[in-house]
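> Show me the folded form of this:
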Amino acid sequence: MHDDDDFSSEPDFSSRRHRDMDLRNAPSWAQAFVWLGTLFALIGVVIFFGSRSTAPSTAFFLIGLVFVALGALGNSTSRRH
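As a prediction, this is how the structure comes out:
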């Protein structure tokens, strides 16, 4: 039997891994990249499901992924004050 406390424990947000995923302390350019990338990726999904046209939707989606990746990389490598 499993102990119920194993599943009810709160995640440890003080660990470095969770701090790196937090955008609140990220540089403003990294936040902008993540938000723009998310917007581009969502536009790509909407175009795909709206028109079934794969070329523009794939381009928007991939551009969005690149922006999100660059923003996340900038967030994880920036110094915290």
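> what ranges do the helices span in the protein?
5-8, 16-20, 28-51, 54-77 (DSSP state H).
> need those helices in JSON lines with mean neighbour count, can you?
Backbone N, C-alpha and C define where each C-beta goes, glycine included. Compiled in JSON lines, the helices of the chain are given as follows (neighbours: other Cβ atoms under 10 Å):
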{"stretch": "helix 5-8", "mean neighbour count": "7"}
{"stretch": "helix 16-20", "mean neighbour count": "11"}
{"stretch": "helix 28-51", "mean neighbour count": "15"}
{"stretch": "helix 54-77", "mean neighbour count": "16"}
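> Just send those helices back as TSV, with mean pLDDT too.
Formatted as TSV, these follow (pLDDT from 0 to 100):
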stretch	mean pLDDT
helix 5-8	55
helix 16-20	53
helix 28-51	93
helix 54-77	93
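> any idea how far the nearest residue to residue 39 once chain neighbours are set aside lies from residue 34?
Using Cβ to Cβ, 6 or more residues apart in numbering and skipping the chain neighbours, the partner closest in space to residue 39 is residue 64 (7.1 Å). According to Cβ to Cβ, to the nearest Å, residue 64 and residue 34 sit 10 Å apart.
> Kindly report the same for residue 70.
According to Cβ to Cβ, residue 70 and residue 34 sit 9 Å apart.
> likewise residue 67?
For residue 67, the distance to residue 34 - Cβ to Cβ - is 7 Å.
> residue contacts, the residue nearest to residue 39?
36, 37, 38, 39, 40, 41, 42, 43, 44 (Cβ atoms under 8 Å, 6 or more residues apart in numbering).
> can I get these in a markdown table with distance to residue 79?
As requested, those are exported to a markdown table (distance: Cβ to Cβ, whole Å):
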| residue | distance to residue 79 |
| --- | --- |
| 36 | 23 |
| 37 | 22 |
| 38 | 24 |
| 39 | 27 |
| 40 | 28 |
| 41 | 28 |
| 42 | 31 |
| 43 | 33 |
| 44 | 33 |
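> From those residues, pick the one nearest residue 74.
Nearest to residue 74 among these: residue 37, at 11.5 Å, using Cβ to Cβ.
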